[in-house]
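Chemist: Got a predicted model here, sequence first, then my questions.
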Amino acid sequence: MTLLPLSLLPGSPLTVTAHGLGGTQDLPLPAGLAVLGGALALLASFVVLARAWRTPRWHPSRVGTPAPRPLPTLVASPAWRWGLRGLGMLGLAWAALAAFGGPDQLTNPLFGMVYVWWWVGVPLASLLLGPVWRAISPLRTLVELLARASGTDAERGLVDLPGWVGRWPAALGLLSFTFLELVHPHSTELVPVRVWCAGYVVVLVLGGVVAGTRWLDAADPMEAFSGLLARLSPWLVREGRLHVVSPLANLSAAPSGPGVPAVVAVLLGSTAFDSLSDTPSWLRLVQDPAVTGTAGGAVLLGTVGLVGLCALVGALLAHGARGLGTTYLAPAAVPLVAGYLVAHYLTFWWVVGQATLVQASDPLGTGANWLGTGTLGVDRWLQYHPVLVANVQLLAVVAGHVLAAVAAHERAVRVLAPGRAVRGQVPMLLVMLVLTVGGLSLLLA
Amino acid sequence: MPALRHRHAALLALPLLVGLVGLSGCGEGWSAPVNTSDLAPEVVSVRITADSVEPNGDRVVVERGQTVVLEVDADEAGELHVHADPEQHLDYPAGESEQEVVITMPGIVEIESHSLEQTIVQLEVR
C-alpha cells in the first residue's frame, strides 16, 4: 500500500488502496444469516443431487449443439482471427507506451490496464464469451510471427515440454502476479509494474520461440485463468467447430492435468488473502512496531500469508478430491473461482475500469486526449447502492458453490460406481462447506 | 427427457431459494441515510510519533455525511491521506490539532499516515 508523492493530481479518479488501486472499498457484508444461508444452500443441493441425479448427463465429447449461422464461419475466418489479434497487439503497444513513456503517477493508465482491464476484465469477459485471452493474446501473435519468420513450427517449437510440466508454470506466474498486486510495497509505482510486465512478455515469448505456443498453454497465467472461466461460458469449440452449450455441460468437459489444481489454489487463495489483508486484525499485525521496525518484515509476513492461504486452499481441495483424482477438481473449482471473482471485484472493475478508460486517452501524461475518452466521467451509481452490491456478492458466492456441487456431482457419477458416487463426494462436500464459511466470513470482515 | 430436465431444474432451484432466504437478511443493518445534520461528530484521537501511530488500523463505523473529527497529536508536522474518491490530503502541524473529514459515499475509507505508510483508521461509511 504505497502512495505516490504529491504529484498526484487533486481530483484524480484513481487512488491507491485494496487490490492495489481504487479509493473507497466495498462495505463488509452483514453477518448473520449469510454464512448460514450459503452453507444450507450447499447442503440442500447435495441432498437433492444425491437423490435426483444418479447418472451422468453429459458426455464431454458430445455436449453442445452447433452454433447458428453465420457464427461458426465468422469466428473461423482469418479476418475475425487477425482482427482480434490486432486488438491484442494494439493493447500491448498502448500498455508499453504508458509503461515506458508515461509518468510515474497514478494517472498513468498502465496501472488500471494491468490491474483492472487485464486481471479482472479479461476473466469476466471469458465468463461470457469463452477463452478471450487465447483469442487476443499478443504473446501468441508474437510467437507465431517469430516462428513464421524463422521457418519453425509455431505450435511445436524446437523442443518438447515434458508431460509433468502441465500448467505449473502458469500457477507460478499467477502467484508472482498476485504477489505484485497484494504484497509488493510499491505495487502502484511504475517500475515494479513495468518490470513484471516486461518479464511476463519476455519469458513467454522467448519460451514460445523454444517450445512453441504449447509453452503459452503451459505458462501464460492469463490463458490459464481465462481458459478456466471460459468453461462457464455458453461457447465451446469442439472438432474445430463452434458449439453453443449449457454452461454446466461445458464445465463437465473441463480438462485437467498437472498444475491445474495449483492454478485453482492460487486463484482462490490469493482472493482470500486480498480480503484478509483488508481486515483490521491483519492491519494491526503488519503494522505492529515489531514488524514495521524489521526491514522487509511486512513483505515477509504478506508473502507467508499469501502463499500460506494458496497452500491451504490447495490442500483442502486435494483432500476433497482424494479417491476421485484431480480430474474431479477442475469442474468443481471453476464456479468457485467465478463466484469469488464477481463478489470480490465487481465494484472495483466497474469504477476503476471506467477511470482507466478516462486515463487511457493520455498514456504519456501530456494532457492529450487521443481516444476522446479523456473527458468522460466515472459513474458511481453502484457504489451508492451497497445493498445491491452486497446481495450480488452473496448470490455470486452461493451460486458459485451450488454450481460447483452440481459439476462435482456430475463428475463423480461418471467416475465412480453407482453405489459409491454419493459417499465418494462427502470429503468434497465438507471442503466446500469449509470454503463457503471461510470465504463468506472473509467477505463479511 | 425434457420433462426430466425440468424436474431437475426445479429441484436445483430449491437450494438456491434456501440460499436466497438466507441472503434476505442482508437488508437489515443497511439503513437509509439518516438526517446527518443531527448527528454528533465522531471523534477519533490520533497519536503520531516518528515511528508509530495510534490507533493502528481500527475500524470506525460512521453514517454518510457525518463529520469525523480527528484529534491529532503529532511529534512532527505531516500529512494524512484519506482514501476516498477523490482522495483527500490533510496537512497537520506538530502538536495538537483537529482535522475534519466528511464522507458522503458508502464504503470503506482508509485514513493513512503518509510518512509512515500505515493505516490509522478504516471508516466504515454506512
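Modeler: It's in.

Chemist: Output the below-cut-off pLDDT ranges for the stretch 51-200 of chain A.
Modeler: Counting by pLDDT under 70, the stretch 51-200 of chain A contains no low-confidence segment.

Chemist: and the residue of it nearest chain B?
Modeler: residue A:52 (5.1 Å; C-beta to the nearest C-beta). Quick note: C-beta positions are derived from backbone N, CA and C, even for glycine.

Chemist: Which secondary structure element is home to whichever residue of chain A sits closest to chain B?
Modeler: Residue of chain A nearest chain B, by C-beta to the nearest C-beta: residue A:37 (1.4 Å). Per DSSP states H and E, residue A:37 falls inside helix A:33-52.

Chemist: Pull out the buried positions in that helix.
Modeler: A:33-46, A:48-50 (16 or more other C-beta atoms under 10 Å in any protein chain shown).

Chemist: and residue B:99, backbone torsions?
Modeler: Torsion angles at residue B:99 (phi, psi; degrees, to the nearest 10) stand at phi -120, psi 140.

Chemist: Could you do the one 10 residues further on as well?
Modeler: The phi and psi torsions at residue B:109 (degrees, to the nearest 10) take the values phi -120, psi 120.

Chemist: That one bridge partners, please.
Modeler: Note on residue B:109: beta-bridge partners residue B:123, judged by DSSP bridges.

Chemist: same deal with residue B:69?
Modeler: Bridge pairing for residue B:69 - DSSP bridges - gives residue B:43, residue B:100.

Chemist: now the one 4 residues further on
Modeler: When bridges are assigned using DSSP bridges, the partners listed for residue B:73 are residue B:47, residue B:96.

Chemist: how near is it to chain A?
Modeler: Counting by C-beta to the nearest C-beta, to the nearest Å, the separation of residue B:73 from chain A is 18 Å.

Chemist: correct me, but that residue touches residue B:96?
Modeler: Yes. Look at residue B:73 against residue B:96 with C-beta atoms under 8 Å: they come within range, at 5.1 Å.

Chemist: Can you report how many residues lie near residue A:415?
Modeler: By the criterion of other C-beta atoms under 10 Å in any protein chain shown, residue A:415 has 16 neighbours.

Chemist: Double-check it against residue A:329; I have them as touching.
Modeler: No. With contact defined as C-beta under 8 Å, residue A:415 does not reach residue A:329; the gap is 11.8 Å.

Chemist: how about the helices in the stretch 201-350 of chain A?
Modeler: A:213-219, A:221-229, A:247-252, A:260-276, A:280-286, A:289-292, A:297-320, A:329-360 (DSSP state H, counting those that start in this stretch).

Chemist: weakest of the ones you listed by average pLDDT?
Modeler: Ranked by mean pLDDT, these bottom out at helix A:289-292, with a mean of 84.

Chemist: contacts for that one?
Modeler: A:285, A:286, A:297, A:298, A:301, B:51, B:52, B:116, B:118 (C-beta atoms under 8 Å, 6 or more residues apart in numbering or on different chains).

Chemist: about what we covered before: packing partners for the helix holding residue A:37?
Modeler: helix A:386-415, helix A:426-444, helix B:2-23 (3 or more C-beta pairs under 8 Å, 6 or more residues apart in numbering or on different chains; DSSP states H and E).

Chemist: That one vs helix A:426-444, what angle?
Modeler: Interaxial angle of helix A:33-52 relative to helix A:426-444 (axes from the mean of the first three to the mean of the last three C-alpha atoms, to 10 degrees): 160 degrees.

Chemist: How far away from the center of its chain is whatever helix or strand comes next after helix A:33-52?
Modeler: The helix or strand immediately downstream of helix A:33-52 is strand A:65-66, counting by DSSP H and E. Here the centre of strand A:65-66 is set off from its chain's centre by 28 Å, with C-alpha atoms, centre = their mean, to the nearest Å.

Chemist: Strand A:65-66 pairs with which strands?
Modeler: Partners of strand A:65-66 in its sheet, by DSSP bridges: strand A:241-244 (antiparallel).

Chemist: what does the partner strand contact?
Modeler: By C-beta under 8 Å, 6+ apart, the list of residues contacting strand A:241-244 reads A:63-68, A:71-72, A:75-76, A:234-237.

Chemist: Mind listing what's buried along it?
Modeler: For strand A:241-244, a neighbour-count test (16+ other C-beta under 10 Å) marks A:242, A:243 as buried.

Chemist: again with stretch B:69-89
Modeler: Result for stretch B:69-89 [16+ other C-beta under 10 Å]: buried residues B:70, B:72, B:74, B:78, B:80-88.

Chemist: out of those, which are inside strands?
Modeler: The members of those that map onto strands under DSSP state E are B:70, B:72, B:74, B:78, B:80, B:81, B:82, B:88.

Chemist: mind checking pLDDT for the third one?
Modeler: Which is residue B:74. Looking at residue B:74, its pLDDT reads 93.

Chemist: Looking at residue B:21 now. What's its pLDDT?
Modeler: On the pLDDT scale, residue B:21 is placed at 49.

Chemist: next one: residue B:34
Modeler: So residue B:34 comes in at 52 (pLDDT).

Chemist: per-residue pLDDT, residue 12?
Modeler: Just so you know, I chose chain A. As predicted, residue A:12 sits at a pLDDT of 36.

Chemist: Chain B is the one I meant
Modeler: For residue B:12, the model assigns a pLDDT of 52.
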